[in-house]
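J.: need a structure here:
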Amino acid sequence: MWSQLGRGNTDFPKKLLLIGNGKVPESTEKNNIDKDLGEIVTNTEDLISRKKYQWMWERAVLTVKNTSVDAINDKIMAKLPGDNINYLAIDTVVDQEDAVHYPQEFLNSLNPYGLPPHELKK
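T.: As a prediction, this is how the structure comes out:
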């Protein structure tokens, strides 16, 4: 967002600092966001209907939870032409005695920060 919206806009970093320091007054409006900081879409269909995939590649989807982003990405991937290819991680324990404590289903469900998910979709 910074590289796209921040060019030539010296107020952008100042606004981010105000937000980060909690100095932006709270608003009672539902979607009160400064247009310099980004754009809000209210549902996935609004995002998908743009049909400008290059436009979407240059942006980030920000939500409260990563599971929401995953759901949006799945809907967008389903609309793209071509076949989807799924790559699965190999999750096994080194010591087979630990397999009782860490079943494969549990390992596959983990989504730790900084690591890719168990299933990558292309």
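J.: From here on, just use CA atoms for contacts and neighbour counts.
T.: Noted.
J.: which residues of the chain fall in helices?
T.: 2-5, 11-20, 44-48, 53-57, 66-79, 104-109 (DSSP state H).
J.: Does Val24 touch Leu18 like I think?
T.: Yes. Under the criterion of C-alpha atoms under 8 Å, Val24 makes contact with Leu18 at 5.9 Å.
J.: Break the chain down into its structural domains.
T.: Using automatic domain parsing, the domain ranges for the chain come out as 1-39, 41-82, 83-122.
J.: These into JSON lines, with extra columns for mean pLDDT and mean neighbour count?
T.: Converted to JSON lines, the domains of the chain look like this (pLDDT from 0 to 100; neighbours: other C-alpha atoms under 10 Å):
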{"stretch": "domain 1-39", "mean pLDDT": "61", "mean neighbour count": "11"}
{"stretch": "domain 41-82", "mean pLDDT": "74", "mean neighbour count": "12"}
{"stretch": "domain 83-122", "mean pLDDT": "81", "mean neighbour count": "11"}
